[in-house]
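*Asks:* need a 3D model of the sequence below.
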Amino acid sequence: MKSMKALLVIAALTVSSLAMASGGGDRTFARMEAAQKNAMEAYQATQKRADQTPVAKSKAKAVNQAKY
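*Replies:* As a prediction, this is how the structure comes out:
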């Protein structure tokens, strides 16, 4: 009977420790989502800027045309 009680105590402690363990996965996942969001915003901003004609490039073309 004493061994049964000891086994139950050990099982209860094991189950409670597994239930309360939080290996940091939630924090890691939240950081990963935040990094992905920042990367997507930067990528979209870069794509918007790529669609516009750069001012410096258009001035260079005008200078080259003036030489000829």
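*Asks:* distance check, Met4 against Thr46.
*Replies:* 66 Å (C-beta to C-beta, to the nearest Å). The way it works is simple: take the backbone N, C-alpha and C, and place the C-beta from them, glycine included.
*Asks:* now swap in Met1 and tell me
*Replies:* Met1 is 71 Å from Thr46, where distance means C-beta to C-beta.
*Asks:* comparing these two, which residue is more hemmed in?
*Replies:* In terms of neighbours (other C-beta atoms under 10 Å), Thr46 is the more surrounded of Met1 and Thr46; the figures are 10 against 5.
*Asks:* low-confidence ranges, this structure, go.
*Replies:* Scanning the chain for pLDDT under 70 picks out 17-23, 52-68.
*Asks:* that one: helices as residue ranges?
*Replies:* Counting by DSSP state H, the chain has helices at residues 2-20, 25-51, 55-67.
*Asks:* burial measure for Glu33, as a count.
*Replies:* Neighbours around Glu33, by other C-beta under 10 Å: 10.
*Asks:* what do you get for Ile10?
*Replies:* Residues near Ile10, counting by other C-beta under 10 Å, number 10.
*Asks:* equivalent analysis for Lys37, please.
*Replies:* Neighbours of Lys37 under the rule other C-beta under 10 Å: 10.
*Asks:* how close does it sit to Ala6?
*Replies:* Separation of Lys37 from Ala6 (C-beta to C-beta): 50 Å.
*Asks:* for Gln47, same thing?
*Replies:* Distance, Gln47 to Ala6, by C-beta to C-beta: 64 Å.
*Asks:* now swap in Gly25 and tell me
*Replies:* Distance from Gly25 to Ala6, counting by C-beta to C-beta: 32 Å.
*Asks:* cool, and Ala12?
*Replies:* 11 Å.
*Asks:* cool, Asp26 as well?
*Replies:* To Ala6, Asp26 is 34 Å away according to C-beta to C-beta.
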